[in-house]
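Participant: Here is the input, now give the coordinates:
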Amino acid sequence: MCGRFVLAGDPAAYAEFFEAVEADTDEVEASHNVAPTDPVYAVAEWNEERLLGRMRWGFLPHWAKDPKRLAINARLETVATAPMFRDSFSRKRCLIPADGFYEWEPKERGRAPHWFFRADGYPLALAGIWSTWRDPETDLWTRTCAIITTEARGVVSNVHGRMPMILDPSVWAPWLDRQLTDPEAARTVIAEIDADLIMEHEVSRRVNNVRNNGASLTEPASGTLPL
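Facilitator: Sure, this is the predicted structure:
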């Protein structure tokens, strides 16, 4: 799964990296502890243009009645067929920028958080899906998104069985192409980045509390070194 990540860069830098145009939207506050329902940036195609805009992390299909029944993750194995996700997987795929993400390793005295990031310092391109949902109480529209997860690879597999799908730049264009609506065809374009690009180290359990924030959350825990 993916339950927390970091989004602390400048939107213009994300837009440049993903070769996108910044959409006319409110900026997302920098965070080293992004949690479900927080606003995030996402890159999606609109009118054949790649845009970087704001969405809420917590997917709701357009037909959802209960806003509490949201999903932060969608499994690669079922995203193309699950009723909640299949329409968006066919028509509304996106990239969710992240500076890195956290996963938790089971230990005798609770779970230990680990920080995963690119060795070269570039952002990760997390595969996602998005939807537009109307709140029946306020009549306001919200763009929501979920991160697609897959079986863990590389150093992540030493900590957790699942991880966010991180797409290689070579497949960003077909992944975002809204003309590509066949689910099986969409699955064939998936190519993940080299797992050896990902580094990790254990971090303080302060990240467990969503109220804690700041760059210190990604620093190695006492007695640990980056791998």
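
Participant: Might you list the low-confidence residue ranges for the protein?
Facilitator: 1, 223-227 (pLDDT under 70).

Participant: now with 80?
Facilitator: 1, 24, 222-227 (pLDDT under 80).

Participant: now the strands for it?
Facilitator: 4-7, 21-22, 31-34, 39-46, 49-57, 73-75, 93-98, 100-107, 110-118, 124-134, 141-151, 162-164, 198-202 (DSSP state E).

Participant: Make JSON lines out of those and add mean neighbour count and distance to Ala191.
Facilitator: (C-beta placed from N, C-alpha, C; glycine too.) Below are these laid out as JSON lines (neighbours: other C-beta atoms under 10 Å; distance: least, C-beta to C-beta, whole Å):
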{"stretch": "strand 4-7", "mean neighbour count": "24", "distance to Ala191": "21"}
{"stretch": "strand 21-22", "mean neighbour count": "14", "distance to Ala191": "24"}
{"stretch": "strand 31-34", "mean neighbour count": "22", "distance to Ala191": "25"}
{"stretch": "strand 39-46", "mean neighbour count": "22", "distance to Ala191": "17"}
{"stretch": "strand 49-57", "mean neighbour count": "19", "distance to Ala191": "18"}
{"stretch": "strand 73-75", "mean neighbour count": "20", "distance to Ala191": "18"}
{"stretch": "strand 93-98", "mean neighbour count": "26", "distance to Ala191": "13"}
{"stretch": "strand 100-107", "mean neighbour count": "18", "distance to Ala191": "19"}
{"stretch": "strand 110-118", "mean neighbour count": "19", "distance to Ala191": "16"}
{"stretch": "strand 124-134", "mean neighbour count": "22", "distance to Ala191": "10"}
{"stretch": "strand 141-151", "mean neighbour count": "21", "distance to Ala191": "12"}
{"stretch": "strand 162-164", "mean neighbour count": "23", "distance to Ala191": "15"}
{"stretch": "strand 198-202", "mean neighbour count": "19", "distance to Ala191": "15"}
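
Participant: right, and those strands - which one's nearest Asn208?
Facilitator: strand 110-118 (6.7 Å; C-beta to C-beta).

Participant: Check which helices and strands the closest one is in contact with.
Facilitator: The helices and strands touching strand 110-118, judged by 3 or more C-beta pairs under 8 Å, 6 or more residues apart in numbering; DSSP states H and E, are strand 100-107, strand 198-202.
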